[in-house]
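Q: just a sequence and a predicted model for now, questions to come.
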Amino acid sequence: MRIESWNPKTETIFCCNMKSDQLEIKNIPLTEWMQGVTETFDYVMLNPPFGYSNIEKKKERLENLFLSHALNCLKEGGFCTAFLPNGFLGRQSSDNIQLRKNISLNHHLQSIILLPKSILSTSEIFTSVLYFSKTAPAKKISLYDFRNKKNINSFLKLYRSSEPNWQLEQQELEEHQYCFLPEEYIPSKSFDFEEIPSRKKSLHALWSELQKNQDSRLYEDHYGQTSIFNTAKCVSTRKGQLKKLIQTGYGLLECELLLYCGYIQPTKEMGKSLAHLKTGDLCPTDHKNGKYPCYGAGGIYGSTNTCNIPQSTGIVIGRVGNFCGNVYWTWQPGFLSNNAIWVEPDREKVIPDFLFLLLYSAHFQNKRRGGGQQYITQSMIQNQIFYLPTLSQQADFLAQHQTLLEQIHFYEQELGQLELTE
């Protein structure tokens, strides 16, 4: 097999878990490897290309193809060392989840090691290495995080002298859709309930100030003067006002919700029992001047003639990028991109408006994962613990704050219309 960008450091990482230095190397031409090899091997070392381009979006990722082929080439009892981009460890597409599940349940996954960027001379992204054998599955999987290590002169010495940062059990992996990233298993930080009244007071003062200094019919022009003409500059200014109003309003409702739940002491429910989640589809090529808005992680980013969410209203959570964890409403049918997650409430357990407040208050944007492109996963939402009042209590809470909620919804719909005009 042809190996590019090979260096002594890479070779050390590949071979540090091998039981013998006396190996018979089988050289396989690249064309033969790509066409398919029926022979099986005692050791398979895998280093697929990173950062490839000019590949159709709908095609399967090269690292997935390489890894699947390596699994087929491994003898019973054989050993595999695989270099992979860190994205593979946590991607939520079905093929990635199935590959990680296959390795976890049908192989002995000994170690997952997250490496610093400097470890590979030609790579500009974070990479990891998986060590596993084709034997009985491991009860516990060792996860090492070396991403912040610098000037690693001896990887072998570091690896053998380090204790794993995490020991993951199979049940944990199953609950988290076989995610191999350590951030997935970091406990959420608690907050101080005593801070809520002072935060509520500050937000109420800000809300009053914002309400007093704006008018939804007026826009600010280049000279700071109000105008009814919605030029690009005026629209941009108004959108900023609306986003601040919406953020402040929901901040107020979050404070009210936390105080209410602290008073009534509701039951605990996991996210997966409250809603069905669905990731969107690849963005259509015609995302301009269409009939339907395109919903991404941060809101509307264009329009298309393709529709995959026919509902007039719904809840969306940003999945990938700078706006991952962002929660917002849709106000008309549209197209949901694969950068976002659709949330379908179980109406027998939770009122949609109340579920929105629960999701907003969970602050998933503070739980984002990834070293380069950040993301959240469906499993993070499904495994989140929520305090859930009864349906009648939910209805009472929403009725108490109906005026504020209606004002926020009015601003959200105006913002959506302005985003479609750009």
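A: Alright, I've got the coordinates.
Q: please tell me how far stretch 408-415 is from the chain's geometric centre.
A: 26 Å (C-alpha atoms, centre = their mean, to the nearest Å).
Q: and if you look at stretch 259-268?
A: Worked out by C-alpha atoms, centre = their mean, stretch 259-268 lies 29 Å from the chain centre.
Q: buried sites along that stretch?
A: Under the neighbour-count criterion of 16 or more other C-beta atoms under 10 Å, stretch 259-268 has 260, 261, 266 buried. To be clear about C-beta, it is placed using only N, CA and C from the backbone, and glycine gets the same treatment.
Q: what sits against the last one?
A: Right, the one you point to is residue 266. 387, 388, 389, 390, 393 (C-beta atoms under 8 Å, 6 or more residues apart in numbering).
Q: quick check, nearest of these to residue 177?
A: residue 388 (23.1 Å; C-beta to C-beta).
Q: remind me which residues of this protein are low pLDDT?
A: Flagging of the chain using pLDDT under 70 yields the residue ranges 1-37, 50-60, 118-124, 151-156, 187-192, 214-233, 286-287, 370-372, 421-422.
Q: in the stretch 301-422 of the chain, what residue spans correspond to strands?
A: 314-318, 327-330, 335-336, 340-345, 385-388 (DSSP state E, counting those that start in this stretch).
Q: mind putting the ones you listed into JSON lines with mean neighbour count and distance to residue 209?
A: Shown next, in JSON lines, are those (neighbours: other C-beta atoms under 10 Å; distance: least, C-beta to C-beta, whole Å):
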{"stretch": "strand 314-318", "mean neighbour count": "24", "distance to residue 209": "28"}
{"stretch": "strand 327-330", "mean neighbour count": "22", "distance to residue 209": "23"}
{"stretch": "strand 335-336", "mean neighbour count": "24", "distance to residue 209": "35"}
{"stretch": "strand 340-345", "mean neighbour count": "22", "distance to residue 209": "32"}
{"stretch": "strand 385-388", "mean neighbour count": "17", "distance to residue 209": "31"}
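Q: and residue 134, which of these is closest to it?
A: Closest of the strands of the stretch 301-422 of the chain to residue 134 is strand 340-345, at 35.0 Å (criterion: C-beta to C-beta).
Q: show me what that closest one is packed against.
A: strand 275-279, strand 314-318, helix 352-361, helix 378-382 (3 or more C-beta pairs under 8 Å, 6 or more residues apart in numbering; DSSP states H and E).
Q: okay, it in CSV with CA atoms only?
A: The C-alpha trace of strand 340-345 is given here as CSV (Å, rounded to 0.1, in the frame of the first residue of the first chain):
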residue,chain,number,x,y,z
ALA,A,340,-30.2,22.4,12.1
ILE,A,341,-32.4,20.1,14.1
TRP,A,342,-36.2,20.0,13.9
VAL,A,343,-38.0,19.5,17.3
GLU,A,344,-41.5,17.9,17.2
PRO,A,345,-43.0,18.1,20.7
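Q: got the angle for that strand vs helix 352-361?
A: 140 degrees (axes from the mean of the first three to the mean of the last three C-alpha atoms, to 10 degrees).
Q: ranges for the helices of this structure?
A: For the chain, applying DSSP state H gives helices covering 8-15, 30-35, 62-73, 87-90, 94-106, 155-161, 170-175, 196-212, 232-264, 352-361, 378-382, 391-400, 402-421.
Q: circling back to that earlier point, including distance to residue 178, could the strands of the stretch 301-422 of the chain go into a markdown table?
A: Shown next, in a markdown table, are the strands of the stretch 301-422 of the chain (distance: least, C-beta to C-beta, whole Å):
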| stretch | distance to residue 178 |
| --- | --- |
| strand 314-318 | 21 |
| strand 327-330 | 26 |
| strand 335-336 | 25 |
| strand 340-345 | 18 |
| strand 385-388 | 21 |
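Q: out of those, flag the one nearest residue 183.
A: Per C-beta to C-beta, nearest to residue 183 of the strands of the stretch 301-422 of the chain: strand 314-318, 16.9 Å.
Q: residues contacting that closest one, please?
A: Counting by C-beta under 8 Å, 6+ apart, 275, 295-298, 324-330, 336, 339-345, 352, 355-356, 359, 364-365, 376, 381 sit against strand 314-318.
Q: okay, now the sheet partners of it, with direction.
A: Sheet pairing here is set by DSSP bridges, and for strand 314-318 it gives strand 327-330 (antiparallel), strand 340-345 (antiparallel).
Q: of all these, which one is nearest residue 148?
A: Closest to residue 148 of the strands paired with strand 314-318 is strand 340-345 (C-beta to C-beta; 29.9 Å).
Q: touching that closest one from outside, list them.
A: With C-beta under 8 Å, 6+ apart as the contact definition, strand 340-345 has outside contacts at 274-280, 295-297, 309, 314-319, 336, 351-352, 355, 359, 378, 381.
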